[in-house]
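Participant: Provide a 3D model corresponding to the input given below.
(one chain, ligands or ions: 2)
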Amino acid sequence: MGKRTYLIFIMFYATIMSMKQTKEEMAQKAHLRYLRNKEHKIAKREEWRKNHPEEWNARIRKYRAKHPERTRQVAKEWYYANKEHVLVHLKIKRDNIRSEMIAAYGGKCACCGELNPRFLTLDHINGGGNTERVGLGWSGSSIANHLKRKGWPQAGYQLLCFNCNCGRAYNNGICPHKTNPLA
Ligand SMILES: [Zn+2]
Ligand SMILES: [Zn+2]
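Facilitator: Ligands and ions are numbered 1, 2, ... in the order given. Purely as a prediction, here's the structure:
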C-alpha cells in the first residue's frame with residue numbers, strides 16, 4: 001500500500017465513521033424531539049382538558065354512548081380492581097352527605113334536642129299535615145343528595161330523633177314529650 005493510497009483510505013474511513021456517527025446522532029436527536037413533542041402534546045391535551053371540562057365530558061359521554069359494551073367492561077374491571085377503595089369512598093361520601101344534611105337542618109332533634117347524629121332522622125311534613133320519614137341511613141343518601149341539589153329547602157323539613165319519631169307514631173302524631181311531660 002503506497003503512502004497516497006493509505007492516506008485516501010484513512011480519509012475515506014474517517015468520513016464513513018463521521019457519517020455513521022452523524023446518522024446515529026441524528027436518530028437520537030429525532031427520538032429526543034419525538035419524546036419532547038410527545039410530552040408537550042400530552043401536557044397540552046391535559047391543559048385543554050382542565051380548561052374545557054364540559055367539552056371533555058361531552059366527548060367521554062359520546063364515546064361511551066358509541067361503545068356501551070367496552071364502557072361496561074372497563075367500568076366493571078375498574079370496580080373489581082378498586083372495590084375496597086370504592087366501598088370506603090362511598091361510605092365516606094354517605095357519611096359526609098349525612099353530616100351536611102344534619103347540619104343544614106339544625107343539628108338536633110326538633111322535639112327533645114337529641115344531638116347524637118346517629119339517632120337523628122329527617123321528617124318531611126306534607127301540606128296535608130301527614131309526615132313522611134326521610135331516612136338518613138343507607139338509602140337516605142340519595143334523598144340527601146336530592147335535597148342538597150335543591151339547596152337544602154327548609155320549609156316542611158325537620159330533624160327528629162328516632163325516639164320522638166316513634167313516640168309520635170304511637171301517640172296520634174304528637175310526641176309524648178308534648179302531651180305527657182312525665183313520659
Ligand atoms: Zn327527640
Ligand atoms: Zn319528643
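Participant: what is the rounded mean pLDDT of the host helix or strand of A65?
Facilitator: If you go by DSSP states H and E, A65 is part of helix 53-66. Averaging pLDDT along helix 53-66 yields 94.
Participant: not counting that helix itself, show me its contacts.
Facilitator: 48-49, 71 (CB atoms under 8 Å, 6 or more residues apart in numbering). To be clear about C-beta, it is placed using only N, CA and C from the backbone, and glycine gets the same treatment.
Participant: rerun that using 6 Å as the cut-off
Facilitator: Applying CB atoms under 6 Å, 6 or more residues apart in numbering, the contact partners of helix 53-66 are 49, 71.
Participant: before we move on, what about stretch 69-80?
Facilitator: Applying CB under 6 Å, 6+ apart, the external contacts of stretch 69-80 come out as R64.
Participant: enumerate the residues of this structure near ligand 2.
Facilitator: 111-112, 164, 175, 177 (CB under 5 Å from the ion).
Participant: tabulate these in a markdown table, adding columns for neighbour count and distance to ligand 1.
Facilitator: A markdown table is the format used below for the residues of the chain next to ligand 2 (neighbours: other CB atoms under 10 Å; distance: CB to the ion, whole Å):
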| residue | neighbour count | distance to ligand 1 |
| --- | --- | --- |
| C111 | 21 | 4 |
| C112 | 16 | 3 |
| C164 | 24 | 3 |
| C175 | 23 | 7 |
| H177 | 16 | 7 |
